[in-house]
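Asks: quick one, what's the 3D model for this:
(chains A and B)
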Number of protein chains: 2
Amino acid sequence: MIKYLTTVLLSICAILITISTAAQEHPSLILTKEGVEKIKAELSSLPLFDASLQKLKEEIDAEIALGIDTPIPKDYSGGYTHVRHKRNMFVMQQAGVLYQILEDEKYAKYVKDMLLQYESIYKTLPLHPKTRSYAQGKLFWQCLNDSNWLVYVSQAYDCIYNYLSAAERKKLEKNLFRPFADHISVDSPQFYQRVHNHSTWGNAAVGMIGLVMNDKELIDRALYGIPDLEMDKTAKDDDGGFINKEGKAGFLANIEEPFSPDGYYNEGPYYQRYAMYPFLIFAEGLQNVKPELKIFEYKDGVLLKSINALLNLSDADGEFFPLNDGQKGMSYYTDALVTAVDISYYYGNQDPGLLSIAEKQKKVLLDDSGLAVALGVKNGKAKPFIKKSINLSDGPGGKQGGVGILRSDDLELVFKYATQGSSHGHYDKLSYSYYENGDEVLQDYGLARFVNIEQKGGGNYLKENKTWAKQTIAHNTLVQNEKSHYQGKYDIGSKHNPILHVFDDSNSNVQLVSAKETNAYPGTEMHRTMAIIKDDGFEKPFLLDILRVKSDSTNQYDLPFYFMGQVLKTNFEYEVPKILEPLGIDNGYQHLWSEGCGSTTEKNTKLSWLEKGRFYTLTSATSEDDELRFVRIGANDPEFNLRREAGFIIRRKDTDNTLFVSTIEAHGSYSPVSESAVNSNSSISALEVVLDTEDYTAISITTVKDISKLFIVANTNASKEATHTVKINNKNYEWSGSYYFK
Amino acid sequence: MIKYLTTVLLSICAILITISTAAQEHPSLILTKEGVEKIKAELSSLPLFDASLQKLKEEIDAEIALGIDTPIPKDYSGGYTHVRHKRNMFVMQQAGVLYQILEDEKYAKYVKDMLLQYESIYKTLPLHPKTRSYAQGKLFWQCLNDSNWLVYVSQAYDCIYNYLSAAERKKLEKNLFRPFADHISVDSPQFYQRVHNHSTWGNAAVGMIGLVMNDKELIDRALYGIPDLEMDKTAKDDDGGFINKEGKAGFLANIEEPFSPDGYYNEGPYYQRYAMYPFLIFAEGLQNVKPELKIFEYKDGVLLKSINALLNLSDADGEFFPLNDGQKGMSYYTDALVTAVDISYYYGNQDPGLLSIAEKQKKVLLDDSGLAVALGVKNGKAKPFIKKSINLSDGPGGKQGGVGILRSDDLELVFKYATQGSSHGHYDKLSYSYYENGDEVLQDYGLARFVNIEQKGGGNYLKENKTWAKQTIAHNTLVQNEKSHYQGKYDIGSKHNPILHVFDDSNSNVQLVSAKETNAYPGTEMHRTMAIIKDDGFEKPFLLDILRVKSDSTNQYDLPFYFMGQVLKTNFEYEVPKILEPLGIDNGYQHLWSEGCGSTTEKNTKLSWLEKGRFYTLTSATSEDDELRFVRIGANDPEFNLRREAGFIIRRKDTDNTLFVSTIEAHGSYSPVSESAVNSNSSISALEVVLDTEDYTAISITTVKDISKLFIVANTNASKEATHTVKINNKNYEWSGSYYFK
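Replies: Okay, the predicted model is just below:
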């Protein structure tokens, strides 16, 4: 009996020890014990890894030499206390990693000292003194930044967990980490309990510290949200977005909702990039600590798919298309994408294309995934990451519009027929932007904000973001009666989305995307078909843009073209005014100076411009009643928040149904060094609508060498299998599929 | 006797043979027989040379495959016939070189066939049908382009001279080359007989064909101008420049007059670059055929000095400062500079710095000089070409002002106190531009022209070049009563120039340049001192700008700052207008939109801006009566010929004597990838004039860390040896030399 009891007790002890050991193995989040051993074994043999390590070591050594500062919070973004606490979170995370890899206690001590300093101020810290946020943090002016901090600091804590005494851990957990996690979650449900990139950071922060502390309550709160919490379903945040209309919350809901099955994130690539880090770093932690959750297989592997989607939402230079609120210049060189690329490689299927991006990034994560990438690169496995045309559906089920990207040679069309995009969305249904080799040909304005530049409104959204950047007229899409889509109202916009008509990239010479929108202006249907066509008569592929409008009322339609560059030539007469006046009074029109107005009796309007040594020509089928207007961004801009860039608007008045047909050609080159202009003229002599019925629209494109091509799009039945017969000028055209081109 | 006679006859024969051989050795201009042998011996062993050769071969082979076209001339620059004839001249020259080096007769035959085709059309060719030029050409609309053609084609003819039969040569010389040379010289004296870059091309063209044809008359006409020609000394060309006020002409006069002893070319670097090719290529020909002329030693070796000056007139990217009429983007990557660098290396003292530029150019001349450069590079002799601060005097004797360039770390100040600069000059005395690492901080607008872009006025000067780009208000210098310097009149401007007060780059931490101008506005003296100061209180060197104005009348003064970038912050209140009106009615003011106006009761006006990820701050000591004005270029610009760039103007009214003191700080950085703003604020808390007398001006600069520095400039006696004592606020300051800084 005693023997039996002893055996039982020993077994229980063994189980307890196992549990305890399992629960307490550190590091376990991003670094693992096993991973660290592997890394140590490979040190000095992997250029990419060693370079990243060396660079980090130099940075952190310099920081350590400066001493520790944890100032009492007082500033907005860009101010000293904000910048310092932000820097501290990175430095702690990185010092933690260095401690693990280099086994030098100075790094652990630095993290410990800083954490204890935070512990000593945090326990009595009131809300941050700046009150602009809908959810004030304590270290920062908004809970979002506090969450950022905890995501990083959890990793630091994990790395030095075993270096600390039990008493130190207890002190930190009781006075710093647990109340910190509570503040950003249960104390700030308007921030935490929702589906939003902010909340994803909150979830990850709570979950990661929960994983380190082995705190099931926090882990569950991270994964599933705050239990049994009733939220006001009509409440909105600062940006006008609903806080929690659907009642969904938690990390899994934040994967479920904003990602389409293709991995498109509904707020667009700029915010996906921002949200990506907590998604992936917490997923990595979960995979290491709770592999049974199979987080990377969740929703059919959408986390890894989303990385592929995100990489495809960048131009030739790796810069993300600035859909919705997106600051231009953000690119896959950002650290969040180093994380994304490395994790995608390691936890995905080791796509050699990702290695070529890692090579460009010149950096890897200092963890198992970064090790794998560095090994792959060293072993010569890298291959170019080739971006092809891609259609990315939007909506949790992939049924709510999307973004279609057509790529042909160096040209890229980004066609947006997506959902409102949460509170960061713009009223820009069926708009597009157009790029050549990473440079904007027709721009999407992006946002009116200078992120983290204190001088510009504390680095936050500027009022011109609402009055200009979000408005329809700020985009390359149709504006009816000088009003924005959905009345410029978020709650209306959130109910609707365009419907894909067809996306077809099967023939690399003729690729098209087409979608319809019926709710932006009730009673008006817009149907836009955009094709990139590669044809013998042209030096480069050209863009064909067919925008059909059907309305039960008579309206004024404005179709803007935000061309980048300097006007070279027009084929129409126009007057420039002696004084500049704004084009309108609201909905963004108040920000446009009216720089010129003309008209033409020619069948086509032509405008050519020069940008970065390349020529471009817009050719549009217009009538003599169309107003041809030059505009310049910057009216009513008392603080010079807007860029003084150009636009061209075709305005059609007193019309119900109408058709806008245009081409954009990229052609030729100019070098200020050789001073030689090559192929500086358009290759199109005539662009003509030869048929426009409910079912078919046919466009004839004649080149300067007098060769005519015909493009017909099926407006109603776009199925691949459907066969069509159309008679135009007494000639029958027969084909199957959504379009005809010959 | 018979023996004697035989000996004499044989001797005479030998002499005749020698003379005849000497006169007829070909090639002899750019390539020499001996040089060609050396090149052949080194082929396939010199990467730079071989790459240049291979690239050329591919280009020319492709051209030959296309066949020969010598169309009847009809177009302006950028049009087909212009472009074709221009292309033909290059192709012939290059095919000639390939024939010599590769010994493949197809190249010689191609040149011969094309020349004979030209011969067949030229003999009956009338003047070019376009009449805009003051000197019409035959192949081109202006004699200038005809001269370009002959400079290149002479080289081609030289290369295939021995391939042609005597009859062919006779035919070409009689019907093509001689009448061609006569048309651009004796038939067009208004073009040929002057000191101007156009004439330099003309001289070189006549001289080079003269050297090939061994035609002494042509060679002398090239060197000394058309003999015994009386010119109208008051006649002017299209640009408003005198055609020949001084009666000087010919190649030697064109070296003598426009180059200062330092090698500065009075029209500025853009035109120097253009003129450089004929100067050097004809000089090379002369050196080879008439070494006794010692052309590279002429005027104390000014031709080679001018190459060094020109290289120093480029920014960190090798782009030339756009002084006077200069198109931005032109750089030392242009072919003319390949010629310049190679010739300078070979005929000069083999400066290893030139080799590093040749490496960047990735190209060498396919001649003896290119061979020497390629050998130098191959032998690892290249060293960086380090551009230091430099003062380049202007005027044939170096006594007519100049251009001072101060360089400190990545910052470059270009201070212009030069002569009018011939017909390409701007009314911009004491103006400056400022660069950081090759990017413009405060711009010089450059010209209003799109060289060779047919759509923009045939690629020629646009009317806005006169109405905007040349005017004083288009530059960073003082405008009195909204009038341009010298009444904007070329003949007045040509009589005067600023006087250097001091240039001192001996202390790399405090470098300064200072000059005075008394004739731009009669009765008003402007004295501008600019210093770049490197000081501990600052992250980067800052620019100090002290502009003293003394006038015997009461005036309005405008001091513009054409800052590049987006306004970040001001320390003053300003109003932006509801509608934009031009700032004035003429002298360039009609092209500026008045975008905002304010004032301040602070002692300093501060304006900061962001450009290409860098912050800049202007701090100016102003009074509350000063108007602080934002402007935007682009008013009264009916064809969008002007760039919509920003300016800031400090306007001081009803004043006679006054002092403008400003600093420009470059500081910090912003990356849209890391979204982190570093050191985004000015380091200056106060800028104060503490003394301003006839003899001394003293400025106190206090940093945000409350450290004050004092800068005193001696306004009258700037000699190095002079000692000064000044009492300021009861403290004595003693020093020797032109300035004090501590």
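
Asks: name the element the residue nearest to residue A:729 when sequence neighbours are not counted belongs to?
Replies: Once flanking residues are discounted, residue A:729 sits nearest to residue A:690: 6.7 Å by CB to CB, 6 or more residues apart in numbering or on different chains. C-betas here are computed from N, CA, C, even on glycine. Element membership for residue A:690 (DSSP states H and E) is strand A:684-692.

Asks: hey, where'd the strands end up in the stretch 351-500 of chain A?
Replies: For the stretch 351-500 of chain A, the strands defined by DSSP state E, counting those that start in this stretch occupy A:390-393, A:402-408, A:411-417, A:431-436, A:439-442, A:479-480, A:499-507.

Asks: output the contacting helices and strands for the strand or helix carrying residue A:663.
Replies: Using DSSP H and E, residue A:663 falls within strand A:658-667. Secondary-structure packing of strand A:658-667 (3 or more CB pairs under 8 Å, 6 or more residues apart in numbering or on different chains; DSSP states H and E): strand A:439-442, strand A:542-551, strand A:555-561, strand A:614-621, strand A:646-655, strand A:684-692, strand A:696-703.

Asks: and the ones you listed as a markdown table, adding mean pLDDT?
Replies: Output for those, formatted as a markdown table (pLDDT from 0 to 100):
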| stretch | mean pLDDT |
| --- | --- |
| strand A:439-442 | 98 |
| strand A:542-551 | 98 |
| strand A:555-561 | 98 |
| strand A:614-621 | 98 |
| strand A:646-655 | 98 |
| strand A:684-692 | 98 |
| strand A:696-703 | 98 |
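
Asks: any chance of those strands in TSV with distance to residue A:272 as columns?
Replies: What follows is the helices and strands packed on strand A:658-667, written out as TSV (distance: least, CB to CB, whole Å):
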stretch	distance to residue A:272
strand A:439-442	20
strand A:542-551	26
strand A:555-561	27
strand A:614-621	30
strand A:646-655	28
strand A:684-692	37
strand A:696-703	34
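
Asks: out of these, which is closest to residue B:581?
Replies: strand A:646-655 (20.2 Å; CB to CB).

Asks: tell me the pLDDT at the closest residue to residue A:319 other than its chain neighbours?
Replies: Sequence neighbours aside, residue A:331 is the residue nearest to residue A:319 in space, at 4.3 Å (criterion: CB to CB, 6+ apart). Looking at residue A:331, its pLDDT stands at 98.

Asks: one more: the one 10 residues further on?
Replies: As predicted, residue A:341 sits at a pLDDT of 98.

Asks: confirm that it lies within a helix, as I assumed.
Replies: Yes. Per DSSP: H, G, I helix; E, B strand; the rest coil, residue A:341 lies within a helix segment.

Asks: would you agree it is in contact with residue A:307?
Replies: Yes. Using CB atoms under 8 Å, residue A:341 is in contact with residue A:307, at 7.2 Å.

Asks: neighbour count winner among those two?
Replies: residue A:341 (30 against 26; other CB atoms under 10 Å in any protein chain shown).

Asks: how about the contacts made by that one?
Replies: Remark: with contacts taken as CB atoms under 8 Å, 6 or more residues apart in numbering or on different chains, residue A:341 is in contact with A:307, A:311, A:332, A:354, A:357-358, A:361, A:373.

Asks: and the stretch 351-500 of chain A, which residues reach chain B?
Replies: Applying CB under 8 Å from any CB of the partner chain, one finds that the stretch 351-500 of chain A approaches chain B through A:450-456, A:459.

Asks: quick check: the farthest pair among these?
Replies: Longest span within those, CB to CB: A:451 and A:455, 12.3 Å.

Asks: state the distance from residue A:267 to residue B:617.
Replies: Separation of residue A:267 from residue B:617 (CB to CB, to the nearest Å) stands at 35 Å.

Asks: ok, now residue A:111?
Replies: Separation of residue A:111 from residue B:617 (CB to CB): 37 Å.

Asks: what do you get for residue A:449?
Replies: 21 Å.

Asks: more neighbours, these two?
Replies: Shown here are residue A:449 and residue B:617; by other CB under 10 Å, residue B:617 has more neighbours (23 against 20).

Asks: tell me what the more buried one is bridged to.
Replies: Under DSSP bridges, the beta-bridge partners of residue B:617 are residue B:608, residue B:665.

Asks: ok, it - contacts?
Replies: B:606-609, B:664-665, B:667, B:681-682, B:684.

Asks: mind redoing it with 7 Å?
Replies: The contact partners of residue B:617, taken as CB atoms under 7 Å, 6 or more residues apart in numbering or on different chains, are B:606, B:608, B:665, B:667, B:682.

Asks: what's around the third one, how many residues?
Replies: Other residues within reach of residue B:665 by the criterion other CB under 10 Å amount to 22.

Asks: for the stretch 101-250 of chain A, what spans make up the helices?
Replies: For the stretch 101-250 of chain A, the helices defined by DSSP state H, counting those that start in this stretch cover A:105-122, A:143-160, A:166-172, A:178-184, A:189-192, A:197-213, A:216-224.

Asks: quick revisit: which of the contacts of residue B:617 sit farthest apart?
Replies: Across these (CB to CB), the longest gap, 12.6 Å, separates B:606 and B:667.

Asks: can you give me the neighbour number for the residue nearest to residue A:729?
Replies: The number of residues near residue A:690, taken as other CB under 10 Å, comes to 14.

Asks: which residues are contacting the strand holding residue A:690?
Replies: A:603-604, A:619, A:621, A:659, A:661, A:663, A:665, A:697-704, A:726, A:728-729.

Asks: among those residues, which ones are buried?
Replies: Among the contacts of strand A:684-692, those buried by neighbour count (16 or more other CB atoms under 10 Å in any protein chain shown) are A:604, A:619, A:621, A:659, A:661, A:663, A:665, A:697-703, A:726.

Asks: ok, the closest residue to residue A:161 other than its chain neighbours to chain B distance?
Replies: Excluding the flanking residues, the one nearest residue A:161 by CB to CB, 6+ apart is residue A:26, at 3.8 Å. Remark: distance between residue A:26 and chain B (CB to the nearest CB, to the nearest Å) = 29 Å.

Asks: quick one: residue A:26 and residue A:158 touch, right?
Replies: Yes. Applying CB atoms under 7 Å, one finds residue A:26 in contact with residue A:158, separated by 5.6 Å.

Asks: the more surrounded of these two?
Replies: Neighbour totals were compared for residue A:26 and residue A:158, and residue A:158 leads with 25 against 19 (other CB under 10 Å).

Asks: state the number of residues packed around residue A:622.
Replies: 23.

Asks: now residue A:79
Replies: 17.

Asks: for it, which non-adjacent residue is closest in space?
Replies: Per CB to CB, 6+ apart, closest to residue A:79 is residue A:454, 5.6 Å.

Asks: can you name the residue of the stretch 351-500 of chain A nearest to chain B?
Replies: In the stretch 351-500 of chain A, the residue found nearest to chain B is residue A:455; the distance is 4.0 Å by CB to the nearest CB.

Asks: for the closest residue to that residue other than its chain neighbours, what are phi and psi?
Replies: In space, residue A:455 comes closest to residue B:569 once its chain neighbours are excluded; the distance is 4.0 Å by CB to CB, 6+ apart. Dihedral pair for residue B:569: phi -160, psi 150, per degrees, to the nearest 10.
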